[in-house]
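S.K.: Structural data only, the sequence is not supplied:
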C-alpha cells in the first residue's frame, strides 16, 4: 500500500480539527490523494476528539484498527485512549501537557502520572516523541498555538508535507496571529531537531516504506 | 452528461455535506429548507455561507415537518427544492413526506437525510433506506465525500426526470468525511410557469386514489432508468472470482479498498431502492457466493434474496450472518467477514487493554460560561428536598443528565420533555414534575406539547433554557434568535403562569422555583441568557473585548468545593489543595462568584488578547 495515515487526537477546543484540516489542505496543494474525517457534535464540548488523515491510495475515510502510522496527540491521555489505532511500532507524538477532565472533581478520580500513560503506549511502540508543546506556546504568550508546535514536530517525522506551504496556510488562516503562530510552528520543528535527531535522520524511511 | 467534464485539477477541500450542497447549487437548486441536526447541518450552513444569488431561498425552519412542507410547495410549483434533516428528523416530516410521494413534483425535490450509524450524536441509528420502501421513493447513496457532489447532482436530475422526490441518503462518514472535490460546470433550472392542478395536489381521497396509481407508474419508470450503468459500478476480474460482493454507501468504499488484497468481485449500487434487478441478476449468476456488505439493516440483502427466489438464481447469498448488524462498519470488520467466508487467516491484532481508572472517560460537558450549567445548579439547589421527576429533552441541556446534575429521568425525542411531563403528572400526582427544554426545541415541538399541558391543566414546571440559538449543532438561528419570537409572552398568551429570569441570577431563580413549583397548573420559567459560544462569536465580530477571567483568592477559599463539584465548571479544578482557573477556558460569566459562600472569586479584566 502506498500510504500514510495519521490519527490526530485531543480534547474539544484544542485545535485538533484545525491542524487536521491544515494537513489535508497541504496534501491537496501537493496533489496527493487525500481523505479525512472529523468528529462533530457533542464531542466539541470538552469531550475526546479525533481527526483522521489518510494520504495515498485510499477510498474510505476511516483508519482501521492498528492502521495509523502516527498518532499526533494534543493531550497525553488521549494518545493512550486511541493507542489501538496505531500500527505496531508506529510513532506517537504527544504534548506533555495534561488536560484534566472536569468530571474528576465529582468522581474524585486521579489523573495518572505521565510515566504511567507512557507505559501504556510502550505496550504498542517505543517510538514516542514527547513535546512540551503547551509550555513552548506559553513561552510565546500564545496558549492556543500548542497545536501548531505539535504540527511543526510532525513535519520532522515525515517529509510528506511541505513546511513552507503549511506556513503560508497558517498565516492565511489566522492573519492577526500570523507571526506568533509561525514562531510556535517553527519552535516545534526545532524541538524535534534538537531532542529527537534520529527521527529526523530516518524520516525518509517512513516514505520509502510507504511511497505515496 | 454533465458530470465528468474536466474540472479544476486539484479540487477543493470540502466536507461531504458541503460537497452535497455545492452539487445541488450547481445543478440549479432554488429552495433549501431544513432543521439542524448532526450529521446533516453543514449542507444548509454551506448554502448560507456561499450563496450570493437572491433568487435562491435558504431557510432554517421551525422543525422538519414545516421545512419539508416549504420545500414541497416549491417542488410542486416547479422549483428545484432541497430538504435536509438528520435521520430522526425525517420521522418528524414523515406525514408530508408520505403523501408528497403520491402527488409527485413538477420541478424536482431532493430529500437529504443523514443517518448516524453508531449514534455518535443521536438517540437511535434507524436506517433511512426503509423510508424509501415505505413511500415507494428512490434512494440514492454516495459512497464517500468525493462522489457526494456527483450524486447530489444526479439526485436532482433523476427527480426532475421522473417527477418524484428522491432521497439522498448520507451517513456520518460521508457527511463529515473530507476530500478533494472537483466541480463540474453549473447549470440553471429550466423555467416553468405555475398552473393550478387541484385534482393532483389536493389530497382528497378521490384524488389520492388516482395519485397512488401515478406513483406506481413513476416508480416502475425508476426501475427501468436505474438499469443504466451510470447508476452502478462493477469491477470483475478475469477469470472471475467465485465470491461476489454487493455493497452500497460507506461500506462500499471500504470494499473497494479491500479489493487490492482479497479475491472478490465487487458490485456497487449507488441506488439502493429500487435495485438494478437485471444488472444484479447477471452479477449473481456469475458468482457462486454472494456477500452483501451494508451498514445497519439487511435491506439490500432481503431484496436480493427475494430476487434470487423469484428469478431462480442459483447462488448462495449471505450478509448479516457475517457482517455486523449494529453500529458503523470499518475496514477491519469487513475484512474479517470476507476472510471468514473464504476461510482465510485473519491478521493478528494486538489489542492493548485500557484500565478505566487510568484512562478516565472524557464525556462532553457544558462549556465554561454556559448558562445551562447555572440553571441546573439552581434547579438542584431549589428542589433539593423534593421528590422530582425530570423530563429532559434534546439539545446542549441534555448534558444535565450527566453528573454532577443527574437531572434526567427520561429523554426520548425532540419536544418530548413537555409531552411526557403531562404523562408523569397523571401517574405521579404527589411528585414534582419538571420538564427541561431549550428554545429551539421549544419552537420545534415543545409549543404543541405545551398547548396539550395547558389544555389538561397539568401540574408541571416547564423550565425553558433560552440561549437564543440552536447551540448543540453549532449555533444556528431559530425563532428566539434576535428576540424575533418571545417564549415568555407565548406561554402567557397560551394561558400558563410564566416568568423570565436571567440564568445567572442565582438567588432570583432559586426563589421563583421554590415559591412557584407547587402552584397548580402549568408553570413556565424561562431562564434566559445567550449561549456563550454564540456570544463570543458575535463579540469577536463586533470587536467587543472578552469580559475577563475569574481569579481566586485562596486566603478566602475554604475548599468547600462547591464550584468544582456541585457546579463542576470546566474552567475550574482542584489541584494540590488549590482551586486552579484555566484562563483559556474561563469566559468570565462570574456565576462561580455568585454562589461562592466565601466571596473568594473576583473578575480580572483580560489584558493579554
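M.R.: That came in fine, so what should we check first? Because the structure is predicted, anything quoted here is derived from the model rather than measured.

S.K.: Near chain A, which residues of the stretch 51-200 of chain B? Just list them.
M.R.: B:120, B:121, B:143, B:144, B:145, B:173, B:176, B:177, B:178, B:179, B:180 (Cβ under 8 Å from any Cβ of the partner chain). Just so you know, the C-beta spots here come from the backbone N, C-alpha and C atoms, and that holds for glycine as well.

S.K.: Can you lay out those residues as a markdown table showing pLDDT and neighbour count?
M.R.: Putting those into a markdown table (pLDDT from 0 to 100; neighbours: other Cβ atoms under 10 Å in any protein chain shown) gives the following:
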| residue | pLDDT | neighbour count |
| --- | --- | --- |
| B:120 | 92 | 18 |
| B:121 | 92 | 21 |
| B:143 | 98 | 27 |
| B:144 | 96 | 23 |
| B:145 | 96 | 30 |
| B:173 | 97 | 29 |
| B:176 | 97 | 26 |
| B:177 | 98 | 30 |
| B:178 | 97 | 27 |
| B:179 | 96 | 29 |
| B:180 | 96 | 24 |
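
S.K.: Of all pairs in the residues you listed, which one is the farthest apart?
M.R.: Spanning the widest gap among those are B:121 and B:180, at 25.7 Å by Cβ to Cβ.

S.K.: Where is the longest helix in chain A?
M.R.: Selection of the longest helix in chain A by residue count, based on DSSP state H, yields helix A:178-195.

S.K.: Toward the C-terminus, what is the element adjacent to it?
M.R.: Next helix or strand after helix A:178-195 toward the C-terminus (DSSP states H and E): helix A:197-201.

S.K.: Buried residues of that following helix, list them for me.
M.R.: Going by neighbour count (16 or more other Cβ atoms under 10 Å in any protein chain shown), the buried part of helix A:197-201 is A:199, A:200.

S.K.: who touches that helix?
M.R.: A:91, A:127, A:129, A:156, A:157, A:192, A:193 (Cβ atoms under 8 Å, 6 or more residues apart in numbering or on different chains).

S.K.: ChimeraX command to pick out the buried ones of the residues you listed?
M.R.: Listed next is the ChimeraX selection for buried residues among those, using 16+ other Cβ under 10 Å:
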select /A:91,127,129,156,157,192
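
S.K.: Out of the contacts of helix A:197-201, flag the one nearest to residue A:112.
M.R.: Proximity of the contacts of helix A:197-201 to residue A:112 was ranked by Cβ to Cβ; the top entry is residue A:129 with 19.6 Å.

S.K.: State the distance from residue A:58 to residue A:24.
M.R.: Residue A:58 is 12 Å from residue A:24, where distance means Cβ to Cβ, to the nearest Å.

S.K.: and residue B:245, bridged to which residues?
M.R.: residue B:266, residue B:291 (DSSP bridges).

S.K.: Would you confirm that it contacts residue B:294?
M.R.: No: contact criterion Cβ atoms under 8 Å: residue B:245 and residue B:294 do not qualify, at 10.4 Å.

S.K.: higher neighbour count, those two?
M.R.: Legend: neighbour count by other Cβ atoms under 10 Å in any protein chain shown for residue B:245 and residue B:294, higher for residue B:245 (29 against 25).

S.K.: Could you check how far that one is from residue A:97?
M.R.: Residue B:245 is 46 Å from residue A:97, by Cβ to Cβ.

S.K.: cool, residue B:375 as well?
M.R.: For residue B:375 relative to residue A:97 (Cβ to Cβ), the value is 32 Å.

S.K.: With neighbour numbers in mind, choose between those two.
M.R.: Between residue B:375 and residue A:97, residue B:375 has the larger neighbour count (other Cβ under 10 Å), namely 31 against 20.

S.K.: Pull the contacting residues for that one.
M.R.: Counting by Cβ under 8 Å, 6+ apart, residue B:375 touches B:397, B:436, B:463, B:465, B:503, B:509, B:527.

S.K.: and residue A:88, what helix or strand is that in?
M.R.: Per DSSP H and E: residue A:88 is located in strand A:86-95.

S.K.: Which helix runs longest in chain B?
M.R.: Under DSSP H, the helix in chain B containing the largest number of residues is helix B:205-225.

S.K.: What are the contacting residues of the helix or strand just after that one?
M.R.: Downstream of helix B:205-225, the first helix or strand assigned by DSSP H and E is strand B:232-235. Residues outside strand B:232-235 that contact it (Cβ under 8 Å, 6+ apart): B:226, B:256, B:259, B:265-271, B:276, B:279, B:283.

S.K.: How far away from the center of its chain is strand B:232-235?
M.R.: Computed by Cα atoms, centre = their mean, to the nearest Å, the chain-centroid distance of strand B:232-235 equals 31 Å.

S.K.: List the buried residues for that strand?
M.R.: By neighbour count, with 16+ other Cβ under 10 Å as the criterion, the buried positions of strand B:232-235 are B:232, B:234.

S.K.: This completes my enquiry, with thanks.
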